[in-house]
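> Need a 3D model of the following:
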Amino acid sequence: MAAAGYFNVALTTTSVIASGAVVAGVVINSSSAAITNTGTAYFGLYIQDYATGNVDFDAGVKIANDCCVTGVNIGNVTTGINFSGTATTHITSAATMVVNMPVTAPGAGFDTAGGVKWVPFGKRGSSGMFVTELYIDLADAAVTSKNTLNDIIGEAAGGAAYVGQITAANHGTVVAIEIICLETPATGDDDIDFYSATEATGAYDGLVTDLAEVLFYERAAAWAAGDVKIASALPAANKYIYLVSGNGDTAGAYSTGKFLLRIYGV
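Numbers count the residues shown, from 1 in each chain. Predicted structure coming up:
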């Protein structure tokens, strides 16, 4: 097929192409010697407003309702989508727009009722920063503190009690962390410290100091709603984040207590 060809395609069940693991209405093979180009660019699909007086397309590409599981699937490419021209709006959605980005789930000892949620904003531009938020609700997570200094906070039933993992793919190299108290912790230890550790095995009532750990923020006081603190050390890639009893004076299940960690990376 020459690059300059113009044609209409009407697909029927007999015109669907099956090739190995791929079943498709149209297959464009960029490695095929049949594709020639005398211009300056190659396009798998090119939609052009060309003839004078013609009515513009309502949409360059339309994917009908319920026709497929994934509307557009982009594999390994340099740029997935490039908005090279001027547009009033680059992306619109008639319903709530859900953006799925990779995150690390909390351990089984801190995962009750969605008590931990990631807010992954991703990387801001090719030369920008990674910005990620980690929301922690101690009551919803159904976690408990022990009255022992440096004991890991988690579900009393046990299980790995990390709240998340830092990875280079999701966070880059971490350069700063804000720790924001959204709701005052109650009925558990209200002096909570934040650690990272190499191991994913730390559990409730275990000492964080038994792990290969780094203290990245020591509160040394009770947390209160509105407190904003900056991490004094930074977790390296592949480290797990733990919340730890910083006072060791209260054993109890948390009835309140919410935190937001805002993580910046490059």
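
> The longest strand along the chain - what's its average pLDDT?
When the chain is parsed with DSSP state E, its longest strand is strand 174-186. Summarised as a single mean, pLDDT over strand 174-186 is 99.

> Spatially nearest residue to residue 176 (excluding sequence neighbours)?
Nearest residue to residue 176, sequence neighbours excluded (Cβ to Cβ, 6 or more residues apart in numbering): residue 264, at 4.4 Å. Glycine gets a C-beta too; all of them are placed from N, C-alpha and C.

> again, but for residue 209
If you skip the residues right next to it in sequence, residue 209 has residue 150 as its closest partner in space, 5.3 Å away by Cβ to Cβ, 6+ apart.

> what's near enough to touch that neighbour?
Neighbouring residues of residue 150 by Cβ atoms under 8 Å, 6 or more residues apart in numbering: 193, 207-209, 244-245, 248.

> again, only using 10 Å
Residues in contact with residue 150, defined by Cβ atoms under 10 Å, 6 or more residues apart in numbering, are 193, 195, 206-210, 213, 215, 244-246, 248.

> tell me which of those is nearest to residue 79?
Closest approach to residue 79 among the contacts of residue 150 (Cβ to Cβ): residue 195, at 38.7 Å.

> okay, the angle between the helix or strand where that closest one lies and strand 174-186?
When elements are assigned from DSSP states H and E, residue 195 belongs to strand 192-197. Angle of strand 192-197 versus strand 174-186, following axes from the mean of the first three to the mean of the last three Cα atoms, to 10 degrees, is 140 degrees.

> Strand 192-197: partners in the sheet, and parallel or antiparallel?
strand 213-217 (antiparallel), strand 240-245 (antiparallel) (DSSP bridges).

> I'd like to know which of these lies nearest to residue 73.
Nearest of the strands paired with strand 192-197 (Cβ to Cβ): strand 240-245, 31.9 Å.

> What segments of the stretch 51-200 of the chain are strands?
Applying DSSP state E, counting those that start in this stretch to the stretch 51-200 of the chain gives strands spanning 116-123, 130-137, 144-145, 164-165, 174-186, 192-197.
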